[in-house]
Structures are given as C-alpha cells and as structure tokens.
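# Quick one, what's the 3D model for this:
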Amino acid sequence: MRWALVKVCLAVTAMVVIAFAVPLGLVIKEMARDRAFSDAERQAATIGPTLSITTDRAELETAVLTTEPGGEGRMAVHVPASEESDSRPVEIGTRRATRKDVETVRTSGRASISEVTGGSALLQPTALGSGGIAVVEVFVPEGEESNGVATAWLMLAGVGIALIVGSVAVADRLGVRMVKPAQRLAGAAHDLGEGRLGTRVREEGPTELRSAAVAFNSMADQVVQLLANERELAADLSHRLRTPLTVLRLNAASLGEGPAAEQTRAAVEQLEHEVDTIIRTAREQRPQTQGLNSGPGAGCDASEVIRERMDFWSALAEDEGREVRLAGVDRTVRIPVARPELVAALDALLGNVFRHTPEGTAFAVDVHHSGDAVIVLVSDAGGGIADPKAALARGGSGGVRASVGSTGLGLDIVRRVAESTGGDVRIGRSVLGGTEVRIWIWLDGRGPGQGGRRHRVGRQRRRLLSAGRS
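Numbering: from 1, shown residues only. Next comes the predicted model:
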C-alpha cells in the first residue's frame, strides 16, 4: 500500500511537471528569439537618421561601424540606385540574405526575417532622403537566438526534479502514516486471534484508522469481559455445588462404619476434590469483571432470600446441634442484586460456618436496613479468623478457615455482590465470640456520594454498625 501510494504520486507529479515544464521551455525559447530580433531591430533603427540625410558611402560606413553589430561585421546596408541623381547602388557590409529577399522587402516596405547560414538575417526597410527605400540587414547568429535558453531549461529541469523528489518524500511519509497504524491494527488482530487478550492498539493515524482502532479496542474489551463473565459463571456454579456437597458430607458422616459408608464418604470427598479443581481452573488468570446485575431494575427481596436459605441451613444446624438466630427479616427489603447472586453469597458464608467450625457451634444472621443501605451480618461462635485482611484478599480464604483444597472463592463471591452496588465486605470479631462477616449493600447501586450526603451516610453507617453489635 505504501509503495503503491508512492508510485501513484510519482506518476501524477511527473505528468504535472511535464505538462507545465515543456510548454514553459518552448515559451522561454521563443522569448529568447524575440529578444534577439528586437535588439536587431533596435540596432537597425540607429542607421535610419543617417540614411535620411545622406547616401554617401564613407558616411554610411562610419555610421555602420559605430553600431555594435556593425563593429562585429553583422550589419549591411543596401541602398538602391537613384534615377534622379543618377547614382549607383550602394552596398555596405557583407550581405547574407539573397538579393530576392532584399528586393522583396524593399518592394513591400515590411520587415522580414530570412534564414541564412549560421543564423537569421533581419531585413529592415528604411526611407531615404531622396524618397527611395534602403534595406538594413542585421545578422543574428543562432547562439543569440537561444541565448539563456539552456540555463532556463536546466533550472526548469531542476525544479521539476525537486518537485518529483519532494512529492515522493511527502507520499512516503503519508504512506507511513497510513500504513503503520494499519499494520499495527492487523498485528493486534493476529495477536488477539492467538489468545493474547491484553493486546490493544494505539488510537492514532488517519480518522478512519483511529475509528478502527477504537472499535478494535472496544471489541477486545468486550471479548475479555465475556470471557471473564464465563469464567466467573463457571466458578460460581461450581462453588454452588458446595451446598449440596456439605449436606452429603454431613449425611455421610452419620452413616457410621461399613463398606457402603466408606464408599459414600470417599465418593463425596472425590466429588469435593473435583469441584475444587473446576473452581481453580476457572479462576486461573481471570480478569476483573464489573457488575453482577442482569440489567436495570434487576434485584430481589433480601429478607425473602435470607429466610429461604436459613430454612435450608437450619435443618442441617439442627442435625449438628447448632443454635441458630435470625433477625431483621420481618419486612421486604429490595436490593439491586440478582437473586441467584445473593443466594450464592449466603450459601458461601453459611457453608463456610459448617465447614470450618466444630459441630454445635452457634451462628446468626442479622439484617439491618435504612433508606440507603442494607447490612447483612453473618456471625458464628467459632474460633474466628486469625488474619481478616488475608481472608479478604481476592482468592484467599485466610485464617483458621483455610483448609486443604479451599479455593477462597466464597468470600470472592460475597465481595463481588457487595461491590456491584458500591458497597464492601468486612471481617471482624462477632458478639458470639467468633467471626463476623459484614456485607454492606447500597440500595441505589452507586455507593455514597459527595459532600453532605457523604457525612449523612457516614452517620447512618455508624448507627447501623452500632446496632449490629448490640
């Protein structure tokens, strides 16, 4: 593409230069010839006053020699014979034109140019004092007819070459400016096709290529986002299998001894291992994703979802002798979180209680809400988490709850649910003596604003936190 542009520009510029330079060169040649004959006419006119006074040879020779062409032997004067004075014809200088041409000019009374050996002869008729017509001949050599033409043509050729070279250089730069962004775009598309999802293109070059780069980058971002969503979905769906696996594990533990019981427990353990493998595979190098809601207006009733999940987990708690407390779910609370996401977050937290605390350990779920936010507290009376920061680190399970085979995706799911609304997740010490996981969900889905609203939200947060510890 680059060389094609250079060739086109070279051809166009060459045609333009030829179209202007050739006629201009011919005009210059014609101007030089006209200038030479204009000078010859001027020199011939200088003899006119002498011829109007006298036709004496000596005086005419003196007058001819005083002129520049006369001194160089390039002027001749042809005076015809006079019948009145019975004088003979007088010819001064060397005649180069034919007698016929001289007689034609004398008869017609009009100047003429005749081609002669070595150049041209200007024949200029001049009136004599006696009433006759003399002819002044001025020889113009070929060199004077083309004087300065070669220099002018060289200058024209130089200008033409300079224009061609300049146009080629400009075309080359324009070609580079167009081709380089196109090559980068093609290379980026190739890299993206080979799986290098971090490939992006600099948005530069002509307007069309910039638009193409913007579209490519947007497409690449969409591809990354779609892949991230698929990985998150695979990980989330796999993690949700932990809830029935927990039930199976607890039921298998109560089967007692025997080959069938051992086989059941081994199968459950193998299934847990496979689920952990799926989760780890899905979470490897997954990009960050944003937003969990399925669209405008997506959400659920937090109280209803929490009551439903607590009914499920309460049956297991009764089997293990765990005391359960539920509070704050006596009224409808709409939150901007899709129902499956909230179910997954609750199951992740309650499943962790059953997996990482001994049987008989009490736990509680409390819901506190105001006009702007909802706090969900999941507390237990276990041993707590030694390093809450490590537990909140993305992908980490941290503290005493960490175990062999843990993927750490439980708190990751909870974090994404909270952050999708502008909220957050915090881990602390519960009033029951163990771990307290606090999920802060903003009802408007945007988080706290600026100025006075932020101070008002801060007061509400402190009031809700105080209520949660009472």
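
# show me where the stretch 101-250 of the chain has helices.
142-145, 149-193, 207-240, 242-253 (DSSP state H, counting those that start in this stretch).

# With mean pLDDT as added columns, please give those helices in CSV.
CSV is the format used below for those (pLDDT from 0 to 100):
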stretch, mean pLDDT
helix 142-145, 80
helix 149-193, 81
helix 207-240, 78
helix 242-253, 71
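
# residues touching the nearest residue to residue 60 once chain neighbours are set aside, list them.
Spatial nearest neighbour of residue 60, excluding adjacent residues (Cβ to Cβ, 6 or more residues apart in numbering): residue 92 at 5.2 Å. (Glycine included, C-beta is placed from N, CA and C.) Residue 92 is in contact with 57, 60-61, 64, 76-77, 79, counting by Cβ atoms under 8 Å, 6 or more residues apart in numbering.

# how about 6 Å then?
60-61, 64, 77 (Cβ atoms under 6 Å, 6 or more residues apart in numbering).

# about what we covered before: just the helices of the stretch 101-250 of the chain: most buried one?
The highest mean neighbour count among the helices of the stretch 101-250 of the chain, using mean count of other Cβ atoms under 10 Å, belongs to helix 242-253: a mean of 17.

# Check the offset of stretch 50-68 from the chain's centre.
The chain centroid and the centroid of stretch 50-68 are separated by 84 Å under Cα atoms, centre = their mean, to the nearest Å.

# returning to what we had before: between the contacts of residue 92, which is nearest residue 442?
residue 64 (114.7 Å; Cβ to Cβ).

# wait, is the closest one part of a helix?
Yes - Residue 64 sits within a helix when classified using DSSP: H, G, I helix; E, B strand; the rest coil.

# Surely it is in contact with residue 74?
No - using Cβ atoms under 6 Å as the test, residue 64 is too far from residue 74 to be in contact (10.2 Å).

# Just the strands from this protein, written as ranges.
Taking DSSP state E as the criterion, the chain carries its strands at 75-79, 90-92, 112-116, 119-127, 133-141, 300-301, 324-327, 334-335, 363-369, 373-380, 424-429, 435-442.

# For residue 202, which of the ones you listed is the nearest?
Using Cβ to Cβ, the strands of the chain put strand 424-429 closest to residue 202, at 35.6 Å.

# what's the residue nearest the centre of the chain in contact with, if anything?
For the chain, the residue sitting closest to the mean C-alpha position, by Cα atoms, centre = their mean, is residue 203 at 1.8 Å. Applying Cβ under 6 Å, 6+ apart to residue 203 gives the contacts 210, 213-214.

# mind redoing it with 10 Å?
Counting by Cβ atoms under 10 Å, 6 or more residues apart in numbering, residue 203 makes contact with 181, 209-214, 216-217.

# That one and residue 227, how far apart?
23 Å (Cβ to Cβ, to the nearest Å).

# before we move on, what about residue 246?
30 Å.

# Likewise for residue 217?
From residue 217 to residue 227 the distance is 16 Å (Cβ to Cβ).

# Check residue 29 too.
75 Å.

# Export the helices of the stretch 101-250 of the chain to JSON lines and append columns for distance to residue 437.
Formatted as JSON lines, the helices of the stretch 101-250 of the chain follow (distance: least, Cβ to Cβ, whole Å):
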{"stretch": "helix 142-145", "distance to residue 437": "106"}
{"stretch": "helix 149-193", "distance to residue 437": "39"}
{"stretch": "helix 207-240", "distance to residue 437": "16"}
{"stretch": "helix 242-253", "distance to residue 437": "16"}
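
# so which of those gets nearest residue 52?
Short answer: helix 142-145, nearest of those by Cβ to Cβ, at 27.9 Å.

# ok now stretch 416-431, how far from the chain's centre?
So, by Cα atoms, centre = their mean, the centroid of stretch 416-431 is 40 Å from its chain's centroid.

# who's in contact with stretch 307-316?
Under Cβ under 10 Å, 6+ apart, the answer for stretch 307-316 is 243, 246-247, 250-251, 301, 317, 322, 324-326, 329-330, 339, 342-343, 345-347, 349-351, 353-354, 363-365, 367.

# Make a ChimeraX selection of the buried ones in those residues.
To isolate the buried members of the contacts of stretch 307-316 in ChimeraX, using 16 or more other Cβ atoms under 10 Å:
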select :243,246,247,250,301,317,322,326,329,339,342,343,345,346,347,349,350,351,353,354,363,364,365,367
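
# Closest one to residue 144 out of the contacts of residue 92, please.
The closest of the contacts of residue 92, once distances to residue 144 are taken by Cβ to Cβ, is residue 64, at 18.6 Å.

# Can you give me every residue that contacts the closest one?
With Cβ under 10 Å, 6+ apart, residue 64 has these contacts: 46-47, 50, 70-71, 73, 75-77, 92-93, 136.

# Now for the closest residue to it other than its chain neighbours: which residues touch it?
Closest residue to residue 64 apart from its sequence neighbours, by Cβ to Cβ, 6+ apart: residue 70 at 3.8 Å. Contacts for residue 70 (Cβ under 10 Å, 6+ apart) come out as 43, 46-47, 61-64, 76-77, 92-93, 136, 138.

# residues contacting residue 155?
Contacts of residue 155 by Cβ under 10 Å, 6+ apart are residue 28.

# my guess is residue 145 contacts residue 119, does it?
Yes - with contacts counted by Cβ atoms under 10 Å, residue 145 reaches residue 119, the gap being 6.8 Å.

# which parts of stretch 89-98 are buried?
Under 16+ other Cβ under 10 Å, the buried positions of stretch 89-98 are 90-93, 95-97.

# In TSV: the residues you listed, plus distance to residue 359 and pLDDT.
Output for the buried residues of stretch 89-98, formatted as TSV (distance: Cβ to Cβ, whole Å; pLDDT from 0 to 100):
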residue	distance to residue 359	pLDDT
90	151	82
91	148	85
92	146	87
93	142	84
95	142	85
96	137	87
97	138	88
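
# since we're on residue 68, how many residues are nearby?
13 (other Cβ atoms under 10 Å).

# Not counting sequence-adjacent ones, nearest residue to it?
residue 43 (6.2 Å).

# any idea how far that neighbour is from residue 139?
11 Å.

# what residues do the two have in common as contacts?
69, 74-75, 122.

# Mind checking which of residue 43 and residue 139 has more residues around it?
The neighbour count for residue 43 versus residue 139, taken as other Cβ under 10 Å, is higher for residue 139 (24 against 20).

# for that one, which residues make a bridge with it?
residue 121 (DSSP bridges).

# give the contact list for it.
Taking Cβ under 10 Å, 6+ apart, one finds 40, 69, 72-76, 93-97, 116-122 in contact with residue 139.

# ok, now which ones touch residue 432?
323, 325, 361-364, 379-382, 384.
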